[in-house]
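K.L.:
Structure for the following, please:
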Amino acid sequence: MRPSILIVDDDDIMRETLSEVLKKNGYEVYTDGSGSAALLTIKKHIIDLILLDMRLPDLDGLEVLKRIKEFDTDILVIIMTAYSDVQTAVSAMKLGAHHYINKPFELEELKLLIEKSLETQSLINEVRRLHRQQREEGQNTHLYGVSPQIQYVRELIGMISKTNKTSVLIQGESGTGKELAANAIHYNSKRANRPFMKINCSAIPDTLLESELFGYEKGAFTDAKTTKKGLFELADGGTLFLDEIGDMKPYLQSKILRVIENQSFMRIGGEREIKVDVRIIAATNRDLESLVREGVFRKDLYYRLKVMVVEMPPLRNRPEDILLLSNLFIEENNKEYGKKIKGLTEEARKLLVQYHWPGNVRELKNVIERAMILTDQEYISPKFLPFEIRQDERDKNIESKDYKNHDFEVVPLDEMEKLYIANVLKKLEWNKSKASKILGISRATLRAKIKKYGLEDYN
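P.N.:
Residues are numbered from 1 along each chain as shown. You can find the predicted model right below:
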């Protein structure tokens, strides 16, 4: 989306000139000749930056600035003032102006100031977003369970958290809670009040992953319009969590190793070393030792990472935790969906404990959420559990019943799917994000099926 700029100046020629120049540079431009008009514009449109002249026909420029900041503190304001009126510019900066420029000015000087101001604001917004995300995610740092395996993990994390720079490698199958363990390490350490940056190394293309980690200088490549800080820089003083590091390409592994060893790096296209103080926590569901033998993971990086190793146990190896976690998820979903489900029936409890849980805790969480949405009873019974969990029960029923002469209504598969999707959407009050999650399909696929079956009419 193009940045939007509002020019506030009572000089018609100045407004038109600046508007033409900025539009050619790709900005969305609005213009006003008075302070009162400008205040109306910011209420009607999303404005990123305002060029505000101090001498306006109706309101004092400082008063306009004050009202802008009362409405939205995040709007950048650059004051345009006469060279002799420096004191006004200083007063404006105290009221929250981002910068000022003296008239007359060179257009190139103004363009550079606008570019730098928007770049700074973009970085500030990104850091705010990441810190907000960290605070939300940081609330969830407890590893629940009574099994000896999970108790050992908690004790180990407690010891690791007391260290400051030691690298940590968290290993385990998908869904065992590796990210939760990383949260616990960071938020129980001395770095808890510093940034906690996270990235999934398998979810991002290699070229993009490098720029996300190390950042880049303006002009480093075709699309590098501005300078960008990478996660190592943003995590300075805190922790960087590299999830699924086993999928990282060797040339990036060597760069990670260098940061661990020297606590410094260069942005892409950069010429100067940037020093950082960052703790590395890496996680993988792959066997890194095997990858080292195969030559696809650097041996030196492997040993640098595994200073401390946390092995997350699979859920099937801690059956005593299955029902405890199930009850916790039921409590969470009761709050989320405003329900009063009391628990699981005895048959459902037995099925959950017997199931092998290839998706581990994440799969259990999703199964409980799905069942909570579908059930309208006080207890979750087997019929609300997924087919694969009920498979054993189904096999027994087939053995005990004669289906050869059993009469049942034959319904086309499409009709069954339409009915099922319609019921799920109805129960979720047409929340498509939650529905797609429960159905195990993407939002795009769900939209296509809604259109295919004409379900819009049911909304």
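
K.L.:
ok, now which ones touch residue 47?
P.N.:
Counting by Cβ atoms under 8 Å, 6 or more residues apart in numbering, residue 47 touches 4-6, 30, 41, 75. C-beta here means a position set from N, CA and C on the backbone, and glycine is covered the same way.

K.L.:
Among these, name the buried ones.
P.N.:
Taking 16 or more other Cβ atoms under 10 Å as the criterion, what is buried in the contacts of residue 47 is 4-6, 30, 41, 75.

K.L.:
Using TSV, please lay out those residues together with pLDDT.
P.N.:
Converted to TSV, those look like this (pLDDT from 0 to 100):
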residue	pLDDT
4	91
5	94
6	95
30	95
41	92
75	88
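
K.L.:
For these, work out which two are farthest apart.
P.N.:
The most widely separated members of the buried ones among the contacts of residue 47 are 30 and 75, with 12.2 Å between them, by Cβ to Cβ.

K.L.:
Run through this protein and note the low-pLDDT ranges.
P.N.:
In the predicted model, the chain carries pLDDT under 70 at residues 1, 83-84, 124-141, 392-411, 457-459.

K.L.:
domain parsing for it?
P.N.:
Domain ranges of the chain: 4-123, 145-313, 316-404, 409-459, per automatic domain parsing.

K.L.:
tell me how far the ends of the second one are from each other?
P.N.:
Taking Cα to Cα, to the nearest Å, domain 145-313 runs 11 Å from one end to the other.

K.L.:
begin at 16 from here
P.N.:
Yes, from this point I'll number from 16; that puts the last item at domain 160-328.

K.L.:
quick one on the thing from earlier: inside strands: which ones of the contacts of residue 62?
P.N.:
Among the contacts of residue 62, the members falling in strands (DSSP state E) are 19-21, 45.

K.L.:
just those now: which is nearest residue 457?
P.N.:
residue 19 (32.2 Å).

K.L.:
ok, now which ones touch the closest one?
P.N.:
42-45, 60-64.

K.L.:
so residue 184 sits in a helix?
P.N.:
No: with DSSP: H, G, I helix; E, B strand; the rest coil as the criterion, residue 184 is strand rather than part of a helix.

K.L.:
Give me the number of neighbouring residues for it.
P.N.:
22 (other Cβ atoms under 10 Å).

K.L.:
Was I right to think it contacts residue 295?
P.N.:
No: if you go by Cβ atoms under 8 Å, residue 184 and residue 295 don't touch, sitting 9.2 Å apart.

K.L.:
Please enumerate the shared neighbours of those two.
P.N.:
Common neighbours of residue 184 and residue 295 (Cβ under 8 Å, 6+ apart) are residue 320.

K.L.:
where along the stretch 366-474 of the chain do the strands fall?
P.N.:
394-395 (DSSP state E, counting those that start in this stretch).

K.L.:
which residues in the stretch 166-315 of the chain form strands?
P.N.:
Using DSSP E, counting those that start in this stretch, the strands of the stretch 166-315 of the chain run over 183-186, 211-215, 230-231, 243-244, 254-258, 279-280, 289-290, 294-299.

K.L.:
okay, those strands in TSV with distance to residue 345 next?
P.N.:
TSV is the format used below for the strands of the stretch 166-315 of the chain (distance: least, Cβ to Cβ, whole Å):
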stretch	distance to residue 345
strand 183-186	27
strand 211-215	28
strand 230-231	44
strand 243-244	42
strand 254-258	28
strand 279-280	46
strand 289-290	48
strand 294-299	28
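
K.L.:
Of those, which is nearest residue 70?
P.N.:
Nearest of the strands of the stretch 166-315 of the chain to residue 70, taken as Cβ to Cβ: strand 243-244 at 37.4 Å.

K.L.:
Partner strands of that closest one and their direction?
P.N.:
According to DSSP bridges, strand 243-244 forms sheet pairs with strand 230-231 (antiparallel).

K.L.:
Stretch 334-349: how far from the chain's middle?
P.N.:
25 Å (Cα atoms, centre = their mean, to the nearest Å).

K.L.:
what does that stretch rub up against?
P.N.:
Residues contacting stretch 334-349 (Cβ under 8 Å, 6+ apart): 159-162, 165, 330, 354-356, 358-359, 364, 367-368, 372, 376, 379-380, 383-384, 387, 395.

K.L.:
neighbours of residue 26, just the number please.
P.N.:
14.
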